[in-house]
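**Q** Curious how this folds, go ahead:
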Amino acid sequence: MKALPLQSHGIAASRLAIGCMGFGGSWDASEPYTAAHMKQLEEAVDAALSIGINFFDHADIYTRGKAEAMFGELLAARPSLREQLIIQSKCGIQLADGELPGRYNFSKQHIVASVDGILQRLGIDYLDILLLHRPDPLMEPEEVAEAIHTLKASGKVRHFGVSNMHSAHLQLLQAAVSEPFIVNQLHMSLAHRHFIDQGLLINRNEGSAVSFDPGLMAYMQMNNIQAQAWGPLAQGRYTGAAASDTTEAEQLAAQYIAYLARLKETSKEAILLGWLMKHPARIQPVLGTTNAARILACQDAERQAELMTRDEWWTLYATASGTHNPGIKSV
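**A** Numbering: from 1, shown residues only. Model (predicted):
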């Protein structure tokens, strides 16, 4: 398969990434993480490394900074790890605090201070990639450009990107910022198919319910921007997690995924991710699981993307969309 867009920017990133939002214990800042949480993190990192995953995705808000602090503790205990890893983090979201609501902040002061906090918690000198987490309606592109110039010149951040933004955001920012934005992290999975629906449902009534910038996937492909997918495993809805609100279409898709996994002698997770990774945008799934065994179950995903036929891809899409029954009775 073709190289990831990240690799063309000189970043030796793995095909899969690990999302670190689930580490650090609870989101209550007063509850510290425990030895059990550290053990879970170490097992997850070792599982990832054992199957070639070297990319770890953070954000300054994850468990209110505890996810980064835990990861920093692991790096301090095993300093040789740092140069093996690609470390990405995000800033720009301010959580509700006291009388203040949740809000977004792309001011120069906030971005620069956020990076200093990220580096301190992780115990490292630089980030490989910094993402601006969600669009700030009060954003001044020139001020963002100043922040990025400061961070780049100081060596604190090597590359930059965004998360949850459409093509107009990217174009507005890129017009002011000399550094290229090389990543956009978005919610994409078989369960969250808007990135596919927006193209298929053009000029159809069903398309009115689709929430996805219709030009975004093409824009990223044309501008060599890495599409990263958060939530790619769909919280286990197709691979075994019991959910009281599972739809008939999801149940049928889960049956078809299980059938393909048995047929191809692989895991259900590999089939589910393979569907996503077959897209020509070279999507990089960011696995949100903290479970080492489930990380290991994803190791065959790239191969399954290569092996998946067009008919299998379309059958999965149509079944998950509720427009097709693949006729799989049992596995």
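**Q** can we go C-alpha only for contacts and neighbour counts from here?
**A** Will do.
**Q** mind listing the helices in the stretch 1-150 of the chain by residue range?
**A** 5-8, 35-50, 66-77, 108-122, 141-154 (DSSP state H, counting those that start in this stretch).
**Q** Just put those helices in a markdown table and tack on distance to residue 196, mean pLDDT and mean neighbour count.
**A** As requested, those are exported to a markdown table (distance: least, Cα to Cα, whole Å; pLDDT from 0 to 100; neighbours: other Cα atoms under 10 Å):
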| stretch | distance to residue 196 | mean pLDDT | mean neighbour count |
| --- | --- | --- | --- |
| helix 5-8 | 20 | 95 | 17 |
| helix 35-50 | 29 | 98 | 17 |
| helix 66-77 | 32 | 98 | 20 |
| helix 108-122 | 33 | 98 | 19 |
| helix 141-154 | 30 | 98 | 17 |
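**Q** Point out the one among those that comes closest to residue 205.
**A** Residue 205 lies closest to helix 5-8 among those, at 34.1 Å (Cα to Cα).
**Q** who does the closest one touch, helix- and strand-wise?
**A** Here helix 5-8 touches strand 181-187, going by 3 or more Cα pairs under 8 Å, 6 or more residues apart in numbering; DSSP states H and E.
**Q** What residues of stretch 14-30 count as buried?
**A** For stretch 14-30, the neighbour count (16 or more other Cα atoms under 10 Å) marks 14-27 as buried.
**Q** If you count neighbours, what's buried in the helix or strand bottoming out on mean pLDDT in the chain?
**A** Least confident helix or strand, the chain: helix 194-200 with a mean of 90, by mean pLDDT, DSSP states H and E. Within helix 194-200, the residues that count as buried by 16+ other Cα under 10 Å are 194, 195, 196, 197, 198, 199.
**Q** follow-up on the earlier one: just the buried residues of stretch 14-30: which are in strands?
**A** Mapping these onto strands (DSSP state E) picks out 17, 18, 19.
**Q** Can you convert those residues into TSV and add a column each for distance to residue 32?
**A** Output for those, formatted as TSV (distance: Cα to Cα, whole Å):
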residue	distance to residue 32
17	26
18	22
19	20
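**Q** Looking at these, which is nearest residue 75?
**A** For those, the nearest to residue 75 is residue 18 (15.6 Å; Cα to Cα).
**Q** List the residues that contact that closest one.
**A** Counting by Cα atoms under 8 Å, 6 or more residues apart in numbering, residue 18 makes contact with 48, 53, 55, 56, 57, 286, 287, 288, 289.
**Q** Which ones among these lie within strands?
**A** Among the contacts of residue 18, DSSP E puts 55, 56, 57, 286, 287 in strands.
**Q** As a markdown table, those residues with neighbour count and pLDDT would be great.
**A** Formatted as a markdown table, the ones in strands among the contacts of residue 18 follow (neighbours: other Cα atoms under 10 Å; pLDDT from 0 to 100):
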| residue | neighbour count | pLDDT |
| --- | --- | --- |
| 55 | 23 | 98 |
| 56 | 22 | 98 |
| 57 | 22 | 98 |
| 286 | 25 | 98 |
| 287 | 25 | 98 |
